[in-house]
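1. Below are the sequence and a predicted model; questions follow.
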Amino acid sequence: GPKVLQIPSHQIIDMGQMVTLNCDPVSNHLYFYWYKQILGQQMEFLVNFYNGKVMEKSKLFKDQFSVERPDGSYFTLKIQPTALEDSAVYFCASSLGGLYTEVFFGKGTRLTVV
Amino acid sequence: GEQVEQRPPHLSVREGDSAVITCTYTDPNSYYFFWYKQEPGASLQLLMKVFSSTEINEGQGFTVLLNKKDKRLSLNLTAAHPGDSAAYFCAVGSSSFSKLVFGQGTSLSVVP
């Protein structure tokens, strides 16, 4: 079936550095999401993105976070600068028509900030 | 905003037994309800979705019930087998363009 690919699966970065998490969504999908999951806790919404714009973001989506989908290809989450509390698994998701259609999730990128 | 509580956090059942996982939500305008299964190292796999207009949905070996009056969503595995061992998450959304709010997850272990 359709797959959302996330690259890399694990990334270790020094606190204060910039990191970009990449997501290759399902090819014809129009809605894109990032979720954050700290180990042992629930998945929490960060941001959703449609038609080149952020539609909604949560209070977890700090000023240091940004998303874009340059050239209509990868959907990226950039954190600059990173902080220790950014350590988590970040899940990308995409859907064709929002929640009315199926939302497909990637396997996540485990980000470790040291 | 919407809050979703999922219980129990851990569940262990014997093969062939039933297993029930429950979520309660707070937003009466919630319309989209989902159950996801997550195996270690894998992405979330959609098990079942229920829209507010329906109250029951059945899949292979499980039933999803939605009680709008009590704002409760449940996943019933009728005869669990070891392959059902995984983490299960409920998720709720209010509109097609909104975010999903997830429950805390249930780690299900099915022992032979």
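-> Ah, there it is.

2. Let me know the pLDDT of A:Gly52.
-> Note on A:Gly52: pLDDT of 88.

3. list the contacts for the nearest residue to it once chain neighbours are set aside?
-> Take A:Gly52 and drop its neighbours on the chain: the residue closest to it by Cβ to Cβ, 6 or more residues apart in numbering or on different chains is A:Arg69, 7.0 Å away. No exception for glycine: its C-beta is placed from N, CA and C like everyone else's. Counting by Cβ atoms under 8 Å, 6 or more residues apart in numbering or on different chains, A:Arg69 makes contact with A:32, A:49, A:52, A:75-76.

4. List the contacts of residue 51.
-> Looking at chain A here, since you left the chain open. The contact partners of A:Asn51, by Cβ under 8 Å, 6+ apart, come to A:Leu30.

5. wrong one, chain B
-> Per Cβ under 8 Å, 6+ apart, neighbours of B:Phe51: B:31-33.

6. what's around the residue nearest to B:Ser18 when sequence neighbours are not counted, how many residues?
-> Once its chain neighbours are removed from consideration, B:Ser18 has its nearest residue in B:Thr78; the separation is 5.6 Å (Cβ to Cβ, 6+ apart). By the other Cβ atoms under 10 Å in any protein chain shown criterion, the neighbourhood of B:Thr78 contains 13 residues.

7. which helices and strands sit right next to the strand or helix carrying A:Phe91?
-> Secondary structure assigned from DSSP states H and E places A:Phe91 in strand A:88-95. Counting contacts by 3 or more Cβ pairs under 8 Å, 6 or more residues apart in numbering or on different chains; DSSP states H and E, strand A:88-95 packs against strand A:5-7, strand A:19-24, strand A:31-37, strand A:75-79, strand A:103-105, strand A:109-113.

8. List the buried residues in the worst-scoring helix or strand of chain B on mean pLDDT.
-> Across the helices and strands of chain B, the lowest-confidence element by mean pLDDT, DSSP states H and E is strand B:56-59, at a mean of 79. For strand B:56-59, a neighbour-count test (16 or more other Cβ atoms under 10 Å in any protein chain shown) marks B:Asn57 as buried.

9. just stretch A:70-85 next, same as before
-> So stretch A:70-85, judged by 16+ other Cβ under 10 Å, has buried residues A:74-77, A:79, A:82.

10. For the closest residue to B:Glu55 other than its chain neighbours, list the residues it contacts.
-> Once flanking residues are discounted, B:Glu55 sits nearest to B:Leu66: 5.0 Å by Cβ to Cβ, 6+ apart. Remark: with contacts taken as Cβ under 8 Å, 6+ apart, B:Leu66 is in contact with B:33, B:50, B:52, B:54-56, B:72-73.

11. closest to chain A among these?
-> When the contacts of B:Leu66 are compared for distance to chain A (Cβ to the nearest Cβ), B:Phe33 comes out closest, at 9.7 Å.
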